[in-house]
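>>> need coordinates for the following:
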Amino acid sequence: MKTTLSFSCATYQLYPLNSVFRRAHAMLLSQPWISVSPAETELPILEEDVVTHLSSRVILFNDEWHTFDEVIEQIIKATGCSYERAESLTWEVHNTGKAMVYEGDLSDCLRVSSILEEIKLRTQIEC
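Numbers count the residues shown, from 1 in each chain. Next comes the predicted model:
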């Protein structure tokens with residue numbers, strides 16, 4: 001489990017503004033089977049401009065629960081793209097299992113990802 005905790009800490013250092021990583025980090029540290037020294041739990045806060053100006057991509061993954069219309073609508077809401085573009089991305093997700101639905105600064109990718117996740121779509125941000 002130490003590997004998982006290390007990954008969590010490293011991820012949090014890259015995304016200190018994302019509350020999802022803060023909650024995951026806190027959850028991991030609260031588990032009785034995890035033993036860490038206090039130094040391992042201290043996470044530095046990075047300057048916002050260092051974090052948010054990283055070029056990043058939002059990847060959307062396929063699932064079996066959402067309809068095409070739900071996904072198309074959410075992609076439009078999150079990215080502001082046209083219906084045709086959102087439909088094309090939805091087909092790509094359906095056929096290949098995933099698609100890059102947005103590319104930009106990390107802060108914009110975090111916003112897009114959180115909007116997609118409002119309806120429990122599964123996303124990943126790549127830097």
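>>> make sure Glu70 is indeed in a helix.
Yes. Under DSSP: H, G, I helix; E, B strand; the rest coil, Glu70 sits within a helix.
>>> quick check: mean pLDDT of the one helix or strand Lys77 maps to?
Secondary-structure assignment from DSSP states H and E places Lys77 in helix 68-79. Mean pLDDT, helix 68-79: 98.
>>> what's it in contact with?
Contact with helix 68-79 is made by 60, 81-83, 85-87, 89-90, 93-94, 101-102, 111-113, 115-116, 118-119, 121, as judged by Cβ atoms under 8 Å, 6 or more residues apart in numbering. Yep, even glycine has a C-beta here, placed from its N, CA and C like the rest.
>>> just stretch 81-93 next, same as before
Residues from elsewhere that reach stretch 81-93 (Cβ under 8 Å, 6+ apart): Leu60, Phe61, Asn62, Phe68, Val71, Ile72, Glu73, Ile75, Ile76, Thr79, Ala99, Val101.
>>> please, which helix or strand holds the last one?
Secondary structure assigned from DSSP H and E places Val101 in strand 98-105.
>>> how about the helix holding Lys77 as PDB, C-alpha atoms only?
Output for helix 68-79, consisting of C-alpha atoms alone and laid out as PDB, is shown next (Å, rounded to 0.1, in the frame of the first residue of the first chain):
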ATOM      1  CA  PHE A  68     -25.400   8.800 -26.300                       C
ATOM      2  CA  ASP A  69     -27.700  11.800 -25.800                       C
ATOM      3  CA  GLU A  70     -26.500  12.200 -22.200                       C
ATOM      4  CA  VAL A  71     -22.800  12.000 -23.100                       C
ATOM      5  CA  ILE A  72     -23.300  14.400 -26.100                       C
ATOM      6  CA  GLU A  73     -25.100  16.900 -23.900                       C
ATOM      7  CA  GLN A  74     -22.500  16.800 -21.200                       C
ATOM      8  CA  ILE A  75     -19.600  17.200 -23.600                       C
ATOM      9  CA  ILE A  76     -21.300  20.300 -25.100                       C
ATOM     10  CA  LYS A  77     -21.800  21.600 -21.600                       C
ATOM     11  CA  ALA A  78     -18.200  20.900 -20.500                       C
ATOM     12  CA  THR A  79     -16.300  22.000 -23.600                       C
END
